[in-house]
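Participant: coords please:
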Amino acid sequence: MSLGQGPQQPAAPIGATDQCGTAIFGRAVQSVDDEVARRRFPDRAHARFRRAGGRTAAPGLAASTVRTIGRRHQAILLGWYSAPVQPPGIGRAAAKSVSCFFVVSPKSEDAVLDRRTRLLAAAAVTLERLSDVLKPLGALFGAHGHDLYLVGGSVRDAVLGRLGTDLDFTTDARPEVVQELMRGWADHLWDTGGLAFGTVSASKSGQQLEITTFRSDAYDRVSRNPQVTFGDTLEGDLIRRDFTVNAMAVKIGADGELEFVDPLGGMDALLAGMLDTPAAPHDSFNDDPLRMLRAARFVAQLGFELAPRVRAAITEMAGEIERITAERIRAELDKLIAAAHPIDGINIMCETGLAQLVLPEVPAMKLEIDEHHQHKDVYWHSLTVLEQAIDQEEGDPDLVLRWAALLHDIGKPDTKRNEPGGGVSFHHHEVVGAKMVRKRMRALKYPKQFTEDVARLVFLHLRFHGYGKGQWTDSAVRRYVTDAGELLPRLHKLVRADCTTRNKRRAAALRATYDELEARIARLQEQEDLDRVRPDLDGNSIMELLGLRPGPEVGKAWRYLKELRLDRGPMTREEAEAALREWWKTQG
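Facilitator: Next up, the predicted model:
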């Protein structure tokens, strides 16, 4: 099937239909509530758009929820259109809460074929922009009698309109031949250790290329390392890949023509929003158990659902993930947390048993009721906080903030206490939680500074609740800023995200109080440099004044002066010296 450009069709207005009979309609908040309540997001009853780099990102409402709505109406999800107008059939009160409308189409063969055509046409346009790389590369391989295919995630992302600068290819040429062909053509050619696995890495015109010889590997069932065997056919290479949506290919002809090749039904799976494996899932996950975690990651990234047989296999085989190194697990978790829909991926991990093995602190929160009785359990509260933290991001995903939001309450199971009268408390859960964060992240081999940043945010996330109605002294505000340090902007976002009450009056009061705290911080910043609070005397001055040699006494005096600086604010040198002398007299 040629990968050519199809007709471009503009978005239709609300209530209209396109050439395929696609109906465009809106759903009022009340209509969506049943679905949203099932997912425990009562205050997320409408989809919200975020803007990232000028492009519309995924909506806040979980894609699986929208698909559920679509299925009830015998429809498939085609896309999203924001509409500030009031659509027909929706009452005025409800319309105030509606900010997005779902575009659906009847599940007819024509509708599916139409969407397939549109996606392939869009992919052709995307790949045409790379013609200065693809065409000469195809000609180079063709001139030497070899086939070349764009493959895997590169094809999937081209179809979905999210192709980056990393391009994956496969070929019948052996790696030493590929290396020779690329030498002199590529801007850079390097060996990253992949040559033994049949992969040659290069760059050309800003694109990162990986070209791998057809493979038909078997996997060692103990080490999980592939026993590399080069194959002879494209289909043999594709069937060993992780998921069907990653088993599509585009042949780069010697004449520059692009041909879409899909022997395993990857496009059908993509159109259905379904994540399935090319081979039997048990075989695929036995080959590499990390694919189970990758399935959750793709749910988070793409908004797809797991095929029933894939979900069943993961649930049955979850224990195999323990054979995978911590470093590989960490890399997948970061990709999941940084995805557009991390909540969906986390749910998959918890429902299949993966989380109980790689991140057990998260499913453990399902057993805990939060002290305000605002959520069924702390687990759903934490996912809501994660979502609200993401809403405050500017630019790229902030992994430190996202991890802190997800883990901020993991100390609650170990600190739960039933109070007289039926209440529940979690005293000092922030202290316990910070320790648990350090332990888990060390086990997952996270960098030391990253671990400390996440743990610090977890430790500080409750501090604001002692602010009351503004009773903090300036000294307390200084300590809040100093203790947070460079994490203060993230702490602001985490504290605001942690407000998940459905009581609108209480939520407004909390926002107003935090606004007032930030205003106080800003006022103090104008008066003194809160970002660089230091004692008014340095170590040399302390030694000269007290007649000391370098040693622990100097550090003790320095810490006293810093505490004094936090309490009193800026002092003159004379005031600091007088205070230090008085303090020194009390030290015996």
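Participant: which residues of the stretch 301-450 of the chain fall in helices?
Facilitator: With helices called from DSSP state H, counting those that start in this stretch, the stretch 301-450 of the chain shows them at 308-317, 326-337, 342-352, 355-358, 361-364, 378-391, 399-407, 412-415, 429-443, 448-460.
Participant: out of the ones you listed, which gets the lowest mean score?
Facilitator: Mean pLDDT values for the helices of the stretch 301-450 of the chain show the minimum at helix 412-415, a mean of 87.
Participant: pull it out as PDB, backbone CA atoms only.
Facilitator: Output of helix 412-415 as PDB, limited to C-alpha atoms (Å, rounded to 0.1, in the frame of the first residue of the first chain):
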ATOM      1  CA  LYS A 412       0.400   7.200  55.500                       C
ATOM      2  CA  PRO A 413       0.000   3.400  55.700                       C
ATOM      3  CA  ASP A 414       2.800   3.200  58.300                       C
ATOM      4  CA  THR A 415       1.500   6.100  60.300                       C
END
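Participant: that helix packs against which elements?
Facilitator: helix 429-443 (3 or more C-beta pairs under 8 Å, 6 or more residues apart in numbering; DSSP states H and E). Backbone N, C-alpha and C define where each C-beta goes, glycine included.
Participant: CA atoms of the helix it packs on as CSV?
Facilitator: The C-alpha coordinates for helix 429-443 follow below in CSV (Å, rounded to 0.1, in the frame of the first residue of the first chain):
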residue,chain,number,x,y,z
HIS,A,429,3.7,10.8,57.6
GLU,A,430,5.8,13.3,55.7
VAL,A,431,8.9,12.3,57.8
VAL,A,432,8.2,8.6,57.3
GLY,A,433,7.4,9.2,53.6
ALA,A,434,10.6,11.0,52.9
LYS,A,435,12.6,8.1,54.3
MET,A,436,10.6,5.6,52.2
VAL,A,437,11.2,7.7,49.1
ARG,A,438,15.0,7.5,49.7
LYS,A,439,14.9,3.8,50.3
ARG,A,440,12.8,3.1,47.2
MET,A,441,14.7,5.4,44.9
ARG,A,442,18.0,4.0,46.0
ALA,A,443,16.8,0.5,45.2
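Participant: list the buried ones in that helix?
Facilitator: 429-430, 432-434, 436-438, 440-441 (16 or more other C-beta atoms under 10 Å).
Participant: just the closest of those to residue 562, please.
Facilitator: residue 434 (22.4 Å; C-beta to C-beta).
Participant: hmm, the closest one is touching residue 459, no?
Facilitator: Yes. Residue 434 is within contact range of residue 459, at 3.9 Å (criterion: C-beta atoms under 8 Å).
Participant: quick one: name whatever helix or strand follows the longest helix along the chain.
Facilitator: The residue-count maximum for a helix in the chain (DSSP state H) belongs to helix 504-527. Using DSSP states H and E, the helix or strand that follows helix 504-527 in sequence is helix 539-546.
Participant: now the next helix or strand after that next one: buried residues?
Facilitator: As assigned by DSSP H and E, the chain's next helix or strand after helix 539-546 is helix 552-568. By 16+ other C-beta under 10 Å, the buried positions in helix 552-568 come out as 554, 557-558, 560-561, 564-566.
Participant: same check on stretch 414-425?
Facilitator: 414-416.
Participant: turn those into TSV, columns for distance to residue 121.
Facilitator: TSV is the format used below for the buried residues of stretch 414-425 (distance: C-beta to C-beta, whole Å):
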residue	distance to residue 121
414	55
415	56
416	56
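Participant: if we can go back for a sec, tabulate the helices of the stretch 301-450 of the chain (a markdown table), appending distance to residue 571.
Facilitator: Putting those into a markdown table (distance: least, C-beta to C-beta, whole Å) gives the following:
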| stretch | distance to residue 571 |
| --- | --- |
| helix 308-317 | 62 |
| helix 326-337 | 44 |
| helix 342-352 | 47 |
| helix 355-358 | 51 |
| helix 361-364 | 44 |
| helix 378-391 | 38 |
| helix 399-407 | 34 |
| helix 412-415 | 40 |
| helix 429-443 | 32 |
| helix 448-460 | 27 |
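Participant: next, residue 257: phi, psi?
Facilitator: phi -70, psi 150 (degrees, to the nearest 10).
Participant: same question for the one 3 residues further on.
Facilitator: Residue 260 adopts backbone torsions of phi -80, psi 130, taken as degrees, to the nearest 10.
Participant: hmm, it is touching residue 253, no?
Facilitator: No. Assessed by C-beta under 8 Å, residue 260 is found out of contact with residue 253, at 11.9 Å.
Participant: who's more crowded, those two?
Facilitator: residue 260 (21 against 17; other C-beta atoms under 10 Å).
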